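K.L.:
how would this look folded up:
(chains A and B)
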Amino acid sequence: MNIISVLIWLPIVVVVSLASGWFFQQGLIRIVNAPTAKFLRTAPLTASFGMLVIAIYVTCSVFAPIIAPFGESEILSGAFEPWASPYILGTDNLGRDVFTRLVYGARNTVGIAFLITALAFFVGTLMGIYSALKGGVIDQVIGRFIDVLMAIPSLIFSLLMLTIFGTSVISLVLVIATIDSTRVFRLARSVALNIVQLDYIEAAKLRGESTVYLITREILPNATAPLAAEFGLRFCFVFLMISSLSFLGLGLQPPTADWGSMVRDNAELISFGDITPLIPAGAIAVLTIAVNFVVDWLLHRASGLKD
Amino acid sequence: MAENVGNKASDSEPLLTMRNIHIKGLSDETWVDIINGIDLDLNRGEVLGLIGESGAGKSTLGLAAMGFCRDGCKITDGSIIFDGLDLLAQSKRDLRKLRGRRIAYVAQSAAASFNPAHKLIDQFCEGPLKHGLMEKAQAVSYATDLYSRMNLPEPELFGYRYPHEVSGGQLQRAMTGMALACRPDLIIFDEPTTALDVTTQIEVLAAIRDIVKQFDTAAIYISHDLAVVAQMADKIKVLLKGDEVEQADTATMLDKPQQEYTKSLWAVRKYARAEQKPVSGQVPVIEIENVMAGYDKTTDILKEVSFPIHKRRTVAVVGESGSGKSTLARVITGLLTPREGSIRFEGSALPDSYHARSKDQLRRIQMIYQMADTALNPKLRIRDLIARPASMYLGLSGKALNDRVCDLLHMIELEPDQYIDRLPSELSGGQKQRIGIARAIAAEPSFIICDEVTSALDQLVAEGILKLLDRLQSELDLSYMFITHDLATVRAIADEVVVMKDGTVVEQGPKSEMFIPPHHPYTELLLGSVPEMDPKWLDHLLDSRGADNIGDAAIAKML
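P.N.:
Residues are numbered from 1 along each chain as shown, chains lettered A, B, ... in the order given. Modelled structure (predicted):
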């Protein structure tokens, strides 16, 4: 591909993506109820495109067995078949269909990343708000413990933990969730610190409310905007983390399809000018960008800026 | 001065002419009118007072006089001619040359408007240097000159302090000085004294008026306080919801207001209820006994404070910021443990900390906050806000709870059907404060602490709140502790007055006695510092006390 064709294709891709985003947004506005439609109308084209991509990925992961033409770990032919029917993206080093594995990869990688992020947010948010609410010694103890965890480089820490506990899906989820919850804790604590000094929290304390009520009813609803935005970003990081661990062989274990390990399995094709191994990498990149578009929009709304 | 921006027109022409100004603001994705066609004329050296409730468009109009609009606002129609220059036709670049140099702005909160990371003098010099009017040394000596004219302490050294190292009143004067740095033709004062105590307010008012006169600067003075504007302005314009109500010179406006709305504004300051007789021989609802308290181990914010609060009585606690009024409220509610002394509730001692108090003890003492915005959880509906104390303390649920919420809304004069499912953000300031009151009485308390409940509200709205509190007191047998720095509020609602200064009670007694001399000197100073509706009041005060004997200086002499 020379520079001129890049210059021609780039604007076409951008325009087509934004246009499809716009159609997706208009379609959504038709089918949802009035308040949600009003909210959606504020989305810029980039965010609409982001939502479209996320919707496609979610559809892929939910309906993977229907969409995929073959089984996830079915060996069908010789290794490295070219892009031709019935293997539209060819086959990998063991003769499995790349397109099938791509679809299943969405389910495994995205699903597990979502699970990890949700877990990290549950733990991190609760601890962060609790720490801000109690203050004093409790805040110090929790805060310093989190500092210790954060001081260890995350990749090395997770490699270490996975080596100790083995590379099952459960330990993968727990290890990455633990590491990520420390980042969530920091954010949740600082957001909550601003909220706990407001009068309505004082009023609730003087009313004799329990800690659980204070956290869930008074503080959490007022902290959702920055936390939701962080959720999107965190999701991307977790996603990349799983992929890089898989690439290193410590993530999801074969024969489970996973985009990180798919890159590694087919890496040698690059030397022959075949771009197949870049497709799973591109899938990761597109999802990361899409999520960030949506997050940008939410952050912008949360910041209350008007232009 | 160096190069001229615009043509210096002759003195007979008005400095600023605004015609048929329309401004719209973006609210929730729709454009709403903020200003609907207002005209404004200002001559050189003239001071115009802009008066109105919050939301009347005072600040928006004031900023428009600089050709400026806040984010999410736009000027849709009209013309703004400043000294022969059409501001709406100027490029942003040309406007920037004008602002600070020929039109300056003084904001309400000096503390929030100064950059805390730079010294005052550097911020002063920024304007003249940027506009190329003065050399640094020249600007510094000019600043010193202005500081001394404004009676700031140690004018040579004053500028070398950081904003947090000087008091609120001094900072506001420093900001006025900064506005004068380029000798502008027009200064816009946006509520410059609203955030200050009465005694501090005087020194700022005196300084502003003096300096505006000395430099023959034209000014637009925005305020919601009539008495303050009466001291400052040559003529007054009254605004209501983006429309002009009337305009006249100050004396006429005060004596013979034409419109009903203006008359109602004037009348507010006269509301006062009859004082109830002091009680004796009864057990007080709340008895504060020799309370000593502070936030660290060495300093006492409260020093041996004791006074009783009887059933169905209102005790007003008056004092400047820093006098310990709010700390006292924290001790009574149990948020702050006193070092010595105790709080007795109907004869029996309350535990020091709210953690140790029983549910019933918590229920009987409620609090209403100054800022209704932060006192109500913005994510909860009115129904849930009011229902929570009723369900928690009284065990109501289902239909009984719903009926109770509707009753409470009726009591605070809000129609339940219309308001019950709204969020706090969908209410006006006064309505929010009413919800705060409803939440307090939902617990069926016997004692309520009202912490500056009306100071964030407009006068008409504040009067409504005071009347409501008064009515609820007689209906529900409530006792109030009213924390305030506004003596008009005291006059309106109190039975007894407690004057606090530096954590001690300097004077206490029934309201009728407190407003008649002889006073404690501090009470005297407080009473004397409340602006009156007489335009000559500030002149008389300065004549009788002398310019060096007001505000901080007067308090310092008392020590």
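K.L.:
low pLDDT regions in chain B?
P.N.:
In the predicted model, chain B carries pLDDT under 70 at residues B:1-12, B:28-29, B:268-271, B:546-559.
K.L.:
The closest residue in space to B:Arg149 that isn't next to it in sequence: which element?
P.N.:
Closest residue to B:Arg149 apart from its sequence neighbours, by C-beta to C-beta, 6 or more residues apart in numbering or on different chains: B:Ile211 at 6.3 Å. The C-beta positions use only the backbone N, C-alpha and C, and glycine is treated the same way. Counting by DSSP states H and E, the element that carries B:Ile211 is helix B:198-215.
K.L.:
could you dump that helix to CSV, C-alpha only?
P.N.:
Extracted in CSV, the C-alpha atoms of helix B:198-215 (Å, rounded to 0.1, in the frame of the first residue of the first chain):
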residue,chain,number,x,y,z
VAL,B,198,-21.2,43.9,58.2
THR,B,199,-18.3,45.6,59.9
THR,B,200,-15.9,44.6,57.1
GLN,B,201,-18.5,45.6,54.5
ILE,B,202,-18.3,49.2,55.6
GLU,B,203,-14.6,49.6,55.1
VAL,B,204,-14.9,48.1,51.6
LEU,B,205,-17.9,50.3,50.8
ALA,B,206,-16.0,53.4,52.0
ALA,B,207,-12.9,52.5,50.0
ILE,B,208,-14.8,51.8,46.8
ARG,B,209,-16.9,54.9,47.0
ASP,B,210,-13.9,57.1,47.8
ILE,B,211,-11.7,55.8,45.1
VAL,B,212,-14.4,55.9,42.4
LYS,B,213,-15.0,59.5,43.3
GLN,B,214,-11.3,60.4,43.3
PHE,B,215,-10.7,59.0,39.8
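K.L.:
so what secondary structure elements neighbour that helix?
P.N.:
The contact analysis (3 or more C-beta pairs under 8 Å, 6 or more residues apart in numbering or on different chains; DSSP states H and E) places helix B:198-215 against helix B:136-149, helix B:168-179, helix B:226-232, helix B:521-529, helix B:537-545, helix B:551-558.
K.L.:
Could you single out the most deeply buried of those helices?
P.N.:
Between those, helix B:168-179 has the highest mean count of neighbours, a mean of 25, where neighbours are mean count of other C-beta atoms under 10 Å in any protein chain shown.
K.L.:
got the angle for it vs helix B:136-149?
P.N.:
140 degrees (axes from the mean of the first three to the mean of the last three C-alpha atoms, to 10 degrees).
K.L.:
And the next helix or strand past helix B:168-179?
P.N.:
Downstream of helix B:168-179, the next assigned helix or strand under DSSP H and E is strand B:186-190.
K.L.:
which residues sit against that following strand?
P.N.:
B:15-16, B:42, B:58-59, B:62-63, B:65-66, B:82, B:102-108, B:176, B:179-180, B:208, B:212, B:217-222 (C-beta atoms under 8 Å, 6 or more residues apart in numbering or on different chains).
K.L.:
Please indicate which of these are buried?
P.N.:
With neighbours counted by 16 or more other C-beta atoms under 10 Å in any protein chain shown, the contacts of strand B:186-190 contain buried members at B:15-16, B:42, B:58-59, B:62-63, B:65-66, B:82, B:102-108, B:176, B:179-180, B:208, B:212, B:217-222.
K.L.:
Where do the domain boundaries of chain B fall?
P.N.:
The record's domain parsing of chain B by automatic domain parsing lists B:100-233+B:517-559, B:286-508.
K.L.:
want to try CSV for those, with distance to A:Gly232 as columns?
P.N.:
Putting the domains of chain B into CSV (distance: least, C-beta to C-beta, whole Å) gives the following:
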stretch, distance to A:Gly232
domain B:100-233+B:517-559, 32
domain B:286-508, 21
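K.L.:
For stretch A:10-26, buried residues please.
P.N.:
A:17, A:20-21, A:24-25.
K.L.:
which of those residues lies closest to A:Leu248?
P.N.:
A:Ser17 (31.9 Å; C-beta to C-beta).
K.L.:
what's near enough to touch the closest one?
P.N.:
A:Phe49.
K.L.:
Next up, phi/psi of it, please.
P.N.:
phi -60, psi -50 (degrees, to the nearest 10).
K.L.:
Over to B:Gly436?
P.N.:
phi -60, psi -40.
K.L.:
The residue nearest to B:Leu427 when sequence neighbours are not counted is in what secondary structure piece?
P.N.:
By the measure of C-beta to C-beta, 6+ apart, the closest residue to B:Leu427 outside its immediate chain neighbours is B:Ile435, 6.9 Å from it. Per DSSP H and E: B:Ile435 is located in helix B:429-442.
K.L.:
Quick check: buried residues in that helix?
P.N.:
Across helix B:429-442, burial judged by 16+ other C-beta under 10 Å covers B:429-442.
K.L.:
list the contacts for the residue nearest to A:Leu233 when sequence neighbours are not counted?
P.N.:
In this structure, A:Leu233 finds its nearest non-sequential neighbour in A:Val295, 5.7 Å apart by C-beta to C-beta, 6+ apart. For A:Val295, the contact set (C-beta under 8 Å, 6+ apart) comprises A:229, A:232-233.
K.L.:
go on, A:Gly208?
P.N.:
So A:Gly208 contacts B:354, B:357, B:359, B:362, B:392 (C-beta under 8 Å, 6+ apart).
K.L.:
show me where chain A has helices.
P.N.:
Counting by DSSP state H, the segments of chain A that form helices are A:3-31, A:34-41, A:45-62, A:64-67, A:98-105, A:111-134, A:136-151, A:154-165, A:169-196, A:199-207, A:211-213, A:220-247, A:259-265, A:278-303.
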